[in-house]
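1. Predicted coordinates and the sequence they were generated for:
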Amino acid sequence: MWASTAFGQSGTVVRLSPEDQGRGRNGVQKNFYFTTKEQPTDDDYQNAGYFGQRLRPYLAGNQEALDNLNRYRRQKWIFLAERLTFVGGVAVYGSQTFSGSGDQHYFSNPQKVTLGVVAGSLLANIFITRHTNEHFVRAVDANNAGLSAGGHASGWQRLAPAGVGLAASATGQPLLALRWQLR
């Protein structure tokens, strides 16, 4: 699936912990662990930090790896905002249910809106967490790919288009649009 080692720009090998190597889509939202030792023991792995900040110095010379790590950090911030929205929605619903005197109200109009916000938050969580871990692993892989060919991307990576799209010509014929980015 994903490579488990990456060579930092300084030549340092970075390995993900065995349990983090296979983490990808829809994986748990917890910190990654990595080491710089060649024959690591369980005690050699260090926490990369919630936003991957402790891995950043090892990726310092590789812009593609840093871009992926920045995407990971962005996704983690969005995840935190979603969790706060969910917890806040549940708290508001509870306060609406138990507020006032007399009978408890479970499905008034304000509560319907609050439940909609909570349900939207849960749905958003699925899309937010789907690729979050992949960005971290891609940062490690990009660093690996950047150094595996002597500091340059391999030939196939240089030839791969950066973007693909469809367009229509003036005659109505579909056109394939390819975009390349110099690396």
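-> Great, that's in hand. Numbers count the residues shown, from 1 in each chain.

2. What residue, apart from its backbone neighbours, is nearest the most centrally placed residue in the chain spatially?
-> For the chain, the residue nearest the mean C-alpha position is Thr132 (2.2 Å; C-alpha atoms, centre = their mean). Nearest non-adjacent residue to Thr132, counting by C-beta to C-beta, 6 or more residues apart in numbering: Gln75, 4.1 Å away. For the C-beta atoms, the positions are set from N, CA and C on the backbone; glycine is no exception.

3. Could you measure from the residue nearest to the centre of the chain over to Gly172?
-> Here the criterion is C-beta to C-beta, to the nearest Å. By it, Thr132 lies 41 Å from Gly172.

4. before we move on, what about Asn144?
-> 45 Å.

5. re earlier: is it true that the residue nearest to the centre of the chain touches Trp77?
-> No: contact status for Thr132 versus Trp77: not in contact, 10.5 Å apart, counting by C-beta atoms under 8 Å.

6. Phe136 against Asn70, yeah?
-> No: in this structure, Phe136 is not within contact of Asn70 by C-beta under 8 Å, at 11.0 Å.

7. okay, the two: which has more neighbours?
-> Phe136 (29 against 15; other C-beta atoms under 10 Å).

8. Looks to me like the more buried one is in a strand.
-> No: read with DSSP: H, G, I helix; E, B strand; the rest coil, Phe136 is helix and lies in no strand.

9. Now Glu82: which helix or strand?
-> helix 63-98 (DSSP states H and E).

10. and that helix, what does it pack onto?
-> helix 109-130, helix 132-148 (3 or more C-beta pairs under 8 Å, 6 or more residues apart in numbering; DSSP states H and E).

11. in it, what counts as buried?
-> 64-66, 68-69, 71-73, 75-76, 78-79, 82, 85-86, 89, 92-93, 96 (16 or more other C-beta atoms under 10 Å).
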